[in-house]
Every structure is written in C-alpha cells, then in structure tokens.
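Peer 1: this is a predicted model, with the sequence first.
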Amino acid sequence: MPVTIRSVDDWADGWEFRAPVSFADVRRSALPTDGPKRSGWYLLSFNDDTYYLGESVDLRSRMGGHAAKWGDEIATVRLLPKAASKQQLRVVERSLIRELRAQKIPLRDVVHADVTTGRDALEELLSDEMQKLWIRDPRGVNARDTTPLKDLSEQEVRYSTAARRFSDLPESTALTALLRTFLEACVPSPRATEFQYWSVSTGTYGGSSFLGDSASASE
C-alpha cells in the first residue's frame with residue numbers, strides 16, 4: 001500500500017513536530033535572522049513525495065545548505081526545535097530515521113544518520129572563507145567571535161558539586177588557564193560550539209559558562 005503524506009504527518013504529529021511550513025518561506029517566517037539560533041530536528045517533504053529527516057545545531061543555516069542542494073524540489077519542512085548537544089541530536093535522529101524506514105517511508109537520507117550529505121557540521125557555524133581565515137589566525141578569529149554565551153544553568157546545577165571540588169583544587173587556576181589557551185588557539189569558534197561540540201563538565205562557575213569573563217572562569 002503506497003505511503004501517503006497524511007501518514008507521515010500523523011507520525012510527525014506524534015513526535016510534536018511543528019506544522020508544515022513552505023520551504024521557500026521557512027527562513028523568513030520560522031527561522032528569521034534576528035531570532036535566536038535554534039537546534040533540533042527537521043523533516044523535509046519533496047515534491048515527489050519523498051522525505052529527508054535531519055538534525056542541526058543551527059536549523060536556519062542547515063536550511064540554506066539544503067536550498068543550495070535541492071532548491072525548489074523541497075515543498076515543505078516541519079521543525080522540531082530542541083536545545084541539545086550534537087551527540088544528542090544525532091542519537092535521536094537515528095531513532096527517527098529507523099521509525100520512518102520501518103514504516104516504508106521513502107527517504108532521501110543516505111544509509112543512516114552517520115552519513116550526511118551536503119554541508120558538513122562545521123560549515124553550519126563557519127563559512128568556507130571563515131574556515132580559511134581561522135586556519136591562518138585561529139586566535140585572532142576566535143577573539144573576534146561575539147556569539148552570545150549559552151544559558152547553561154541546568155548544567156550548572158547538575159555539576160555544581162564537581163565544579164566546587166575542581167575550584168578547591170590548588171591547581172584549578174592553572175588548569176583553567178590551560179584549558180582557555182587550548183580553546184582560544186585550537187577550537188574553531190569556541191563560543192559558538194560550546195555545549196553542542198565540546199564541554200568541560202566542571203567548567204561552570206557562578207552562573208557563567210566557561211567562556212565568560214576571566215574572573216568567573218578562574219574562580
């Protein structure tokens with residue numbers, strides 16, 4: 001029995017995906033440039049009744065990548081925004097893809113969520129030009145990054161005891177300085193990639209994330 005769009009919508013409703021939005025308008029309506037950066041999952045519906053299930057730490061940027069790859073082949077998109085790490089997003093993505101495949105939904109995903117097409121994860125955060133600049137001057141590019149720090153209050157509560165024990169260590173100041181040096185010189189855009197791509201479980205003190213001001217980071 002052929003799979004109908006209605007059956008896919010029922011499945012998406014069950015997972016609480018948002019209502020379908022025209023793909024041509026999604027970045028203007030649901031993911032505006034002046035709005036917050038959103039991570040989560042999405043379901044693309046194509047004009048030939050095929051689908052693509054994906055995840056991203058920056059849904060707006062990801063939509064741009066798909067627009068460049070498939071253009072007007074995409075009819076609609078359903079979003080499921082969720083604050084989650086890249087690892088968490090991928091785990092759930094695999095489960096969602098398995099469910100859709102079990103229902104014989106025709107997917108354009110290649111083999112599994114472990115294989116991605118189009119833009120890679122780093123390109124969601126840094127353009128090709130910015131990546132070239134970072135290779136030439138990582139410290140300079142990172143220093144100019146003004147991405148707002150993430151609200152990690154939930155993690156602060158969860159790891160408060162570990163953070164206190166770390167701060168009580170006589171080596172804590174030197175270790176924090178070493179970690180900061182590594183992030184500033186070796187991690188592309190650490191302010192933008194914090195939590196989704198890297199984290200230090202004992203690196204939250206006094207309500208500020210690890211990349212906050214120097215005083216809070218070294219307390």
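Peer 2: Now that the structure is in, tell me what you want to look at. Since the structure is predicted, the reported quantities are computational estimates derived from the model, not experimental observations. Residues are numbered from 1 along each chain as shown.

Peer 1: for the chain, name the helix or strand with the lowest mean pLDDT.
Peer 2: Here the helix or strand of the chain ranked lowest by mean pLDDT, DSSP states H and E is helix 214-217, holding a mean of 36.

Peer 1: what segments of the chain are strands?
Peer 2: For the chain, the strands defined by DSSP state E occupy 21-22, 40-46, 51-56, 74-81.

Peer 1: show me how the chain divides into domains.
Peer 2: 5-118, 128-217 (automatic domain parsing).

Peer 1: most centrally placed residue in this structure?
Peer 2: Val57 (1.2 Å; C-alpha atoms, centre = their mean).

Peer 1: that residue and Lys86 touch, don't they?
Peer 2: Yes. Shown here, Val57 and Lys86 form a contact pair, counting by C-beta atoms under 8 Å, at 5.8 Å. Heads up, the C-betas are built off the backbone N, CA and C, glycines and all.

Peer 1: coming back round to it: which of the domains of the chain has the lowest mean pLDDT?
Peer 2: Per-stretch mean pLDDT for those is lowest at domain 128-217 (a mean of 77).

Peer 1: quick revisit: and Val187, which of the strands of the chain is closest to it?
Peer 2: strand 51-56 (19.3 Å; C-beta to C-beta).

Peer 1: who touches that closest one?
Peer 2: 8, 39-46, 62, 66, 89-90, 92-93, 96-97, 100, 105-109, 113, 116, 124 (C-beta atoms under 8 Å, 6 or more residues apart in numbering).

Peer 1: ditto for stretch 24-39
Peer 2: So stretch 24-39 is contacted by 18, 21, 55-60, 63-64, 72, 77, 79, 81-84, 89, 196 (C-beta under 8 Å, 6+ apart).

Peer 1: drop anything exposed from these.
Peer 2: Buried by 16 or more other C-beta atoms under 10 Å: 18, 21, 55-60, 63-64, 77, 79, 81, 84, 89, 196, out of those.

Peer 1: how about the helices in this protein?
Peer 2: 5-14, 26-29, 59-70, 86-102, 128-136, 138-143, 153-158, 160-168, 172-186, 190-193, 214-217 (DSSP state H).

Peer 1: in a markdown table, list those helices along with distance to Val200.
Peer 2: Formatted as a markdown table, those follow (distance: least, C-beta to C-beta, whole Å):
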| stretch | distance to Val200 |
| --- | --- |
| helix 5-14 | 36 |
| helix 26-29 | 33 |
| helix 59-70 | 25 |
| helix 86-102 | 15 |
| helix 128-136 | 21 |
| helix 138-143 | 16 |
| helix 153-158 | 10 |
| helix 160-168 | 9 |
| helix 172-186 | 6 |
| helix 190-193 | 11 |
| helix 214-217 | 10 |
